[in-house]
Each structure stands twice: as structure tokens, then as C-alpha cells.
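Colleague: Fold the following, please.
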Amino acid sequence: MRSGGKAQTKKIIQQKQRVRQQQTHELAPFDAVKFHEFMRVRWYLTTNQVLTVYQRNLSELWLVTLLDMMINQRPMAATKVQSLNTHELITESLKHLQGFKYQHFLTLLDLAPRLFKFLKRELAVNPYFVLDAMPDKAEFTGMVARVLAQNLSYSQGFSNQLTNQYTALFLPADQLDLATISELYRGQTTIPVNAEQAKADLATLSTLKTALTAKLSQTDTNAFALRAICSDAAFLTALSHQSVDELLLSPFAIIPNSWQPTNETLLGIGHQIATIVSTSEISNAFSAETWQQFDGVLAVAALNSLVN
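Modeller: So this is what the prediction gives:
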């Protein structure tokens, strides 16, 4: 066995020993919110000076997806260490990045080593989680190729039928065939076919816009984006109809009709909108979970607008 393989085996054995030892100790109840916030802040501090705005937004969306999945796998208020299947976690996280243009997945290939190193370092001192070995470059490239293949197969109406064929085309050797990926994805769209919706009457739209924009200030973080969203007809119509489906479709109309993202921090803008709605006189039947989904969809739609 090569020395690198021996070292990897040794680490896995040490991780299993750590799990066995910690399973005999009671931990304080796990605080998912604090864990989530801590990891996001740590990632920002680690990468703020080295990543572009686009890379930071993209990597944060991926990190949040991973953190949400880690938290969802953990039993409520569990006081024992949780062992995570890293390969399965990362594969599933890529599948959860729904609506991504294919270019984002290619950028993740460059961001992955930094993010994997970050997760390995931070979770090594976290008593609640133990990760097994991270995917190497070839393994992660294979994961990306398969997700791209699966997404293309589904977008063409073939369910999972063409996934294996497209994977073979996208990854003929150890490297992605970027020319083939670009060619086969040409003309594909990430915008839902039913993104168009019947608009509410003008008087209702005007009333809602006035109520929302009255809560805005030029000093607000993301002030331009907030005003654009609060003035968008598709978003206002979703509020008028109190329709979850329309709300989650509205980002594909907001961008580029009302707002063209530039250098904003994308995740969190949807939550700002939720706060504005909740503090206005507008009826709001949307749950916190729905607003969280809206925040994610808005971030994805914004990211998609930043690549050709």
C-alpha cells in the first residue's frame, strides 16, 4: 500500500475510535442555529479576501446546502457524535443545487479543495460531527459529471434514462470534456416553463408596492435590490394571491426584469424581504420555511444571471 493510502487508513481508524469514545459521553444539546451561523461566519472570514464576489456567493450557497443536510441528518437535540458519510453528503448536496446553470458546477471544481479543507479543519474540533475521508479530485470530478448528466437528462424529459450515456460523454477519461458539456447544454434553460403568471390588477399592485417601499431606506443593506424586488409585478402578484408556487417562481421574473445583481451578498436578501413584508400591513400567510426557500431560489436565479 502506498504511504498516502496508509495515512488515509490511519485517519479513518482514528475517526472511528473518536466516534466510539464520544458515544460514551453526553454532549450538550446540539444548537443547529448556532452551528449554522458559526460555520457561515468562519467561511466568510476565511475566504473574504481570496474569493471573488461571484465565487463567495456560489460557495456560500453550496456550504449552506451542505450544512442544512448535515443538520437534517442529526436527530433532534441529540447529545452524541454524528458520523457522516462524506461522499454521500457531497453527492446529494450537488443534486440539491436545483436550477443551477452548468457553469456553476464547473466553478465548484475549483472551489471544492478550499471548501473541503475548511470543513475538514472546522469539524475536526467540533464534538458533534465526524467526517470520513473527503473525495479526491478525480472522485469529485466524477460526481460533478454525473450530476450534470442527470440534470441534462431530466431537463430533456427523459428522467434518469440518459444519465449514464451523458456521464460517459462528459467524462471520457479523468477530465471533463468541457466542449461537449457546453455543446449539449446549449439552448437549455433553467427557467421554469410556467414562470409566467396572471398579474394582479394594477390597483392592487400599486397598493402593495406602496406598503412595502414605505418600509425601505436608502441606508438598508442591498437597498437597490430590495426596492427592485418590492416593486416587481410578479413578486407583488404572488403576495396578492398568497401563492407559494408563484412566490417561488417570482425570482425568475424579478431577474432580469426588475433587478440585475452585481456585487451583492445574495443569500439573505430573501430573508430581508420577508422581514419587510412581516413589518408592513400586508397579509403574510407564508411560513418561515417558504421564505427560506424563496431566499435560496432568489440566490440561484441571481447567480445564473452572472454567467453567460
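Colleague: make it CA atoms for all contacts and neighbour counts henceforth
Modeller: Noted.
Colleague: Dead centre of the chain: give me the residue that sits there.
Modeller: Nearest residue to the geometric centre of the chain (CA atoms, centre = their mean): Leu61, 3.5 Å.
Colleague: Identify the residue spatially nearest to it, adjacent ones excluded.
Modeller: Setting aside the residues directly before and after it, Leu61 is nearest to Leu267 in space (CA to CA, 6 or more residues apart in numbering), at 7.1 Å.
Colleague: Assign a three-state SS to the one you found, would you?
Modeller: Counting by DSSP: H, G, I helix; E, B strand; the rest coil, the backbone at Leu267 sits in coil.
Colleague: Give the burial count for the closest residue to Ala223 other than its chain neighbours, as a bare number.
Modeller: Across the structure, with CA to CA, 6+ apart as the measure, the residue nearest Ala223 apart from its sequence neighbours is Ser217 (6.9 Å). Look at Ser217: counted by other CA atoms under 10 Å, it has 12 neighbours.
Colleague: where does Ser217 land on pLDDT?
Modeller: We note a pLDDT of 90 for Ser217 in this prediction.
Colleague: That one is in contact with Leu226, isn't it?
Modeller: No: in this structure, Ser217 is not within contact of Leu226 by CA atoms under 8 Å, at 9.5 Å.
Colleague: Pull the number of nearby residues for the residue nearest to Leu61.
Modeller: When neighbours are defined as other CA under 10 Å, Leu267 has 21 of them.
Colleague: Could you do Ser278 as well?
Modeller: 15.
Colleague: cool, Phe100 as well?
Modeller: Residue neighbour count, defined by other CA under 10 Å, stands at 21 for Phe100.
Colleague: Can you classify it by secondary structure?
Modeller: With three-state DSSP as the criterion, Phe100 reads coil.
Colleague: how about Leu208, what does it touch?
Modeller: With contacts defined as CA atoms under 8 Å, 6 or more residues apart in numbering, Leu208 is in contact with Leu236, Ser240, Ile282.
Colleague: Next one: the last one, what pLDDT does it get?
Modeller: It refers to Ile282. Residue-level confidence at Ile282 comes out at 86, pLDDT.
Colleague: Doesn't it lie inside a helix?
Modeller: No: with three-state DSSP as the criterion, Ile282 is coil rather than part of a helix.
Colleague: What about it? Give its phi and psi, please.
Modeller: Torsion angles at Ile282 (phi, psi; degrees, to the nearest 10) stand at phi -80, psi 140.
Colleague: so it touches Thr210, yeah?
Modeller: No: Ile282 lies out of contact with Thr210 (CA under 8 Å); the separation is 10.6 Å.
Colleague: so where's the stretch 51-200 of the chain uncertain?
Modeller: With pLDDT under 70 as the threshold, the stretch 51-200 of the chain has low-confidence stretches at 75-79, 189-199.
Colleague: same thing but 80
Modeller: Filtered on pLDDT under 80, the stretch 51-200 of the chain yields the residue ranges 74-80, 98, 187-200.
Colleague: rewinding a little: could you measure from the residue nearest to Ala223 over to Gly157?
Modeller: Taking CA to CA, to the nearest Å as the criterion, Ser217 is separated from Gly157 by 45 Å.
Colleague: And for Arg56?
Modeller: 33 Å.
Colleague: Arg40 now?
Modeller: Computed as CA to CA, the Arg40 to Gly157 distance reads 36 Å.
Colleague: Which residue of Arg56 and Gly157 possesses the greater neighbour count?
Modeller: Counting neighbours by other CA under 10 Å for Arg56 and for Gly157 shows that Arg56 has the greater number, 20 against 10.
Colleague: Perfect, that will be all.
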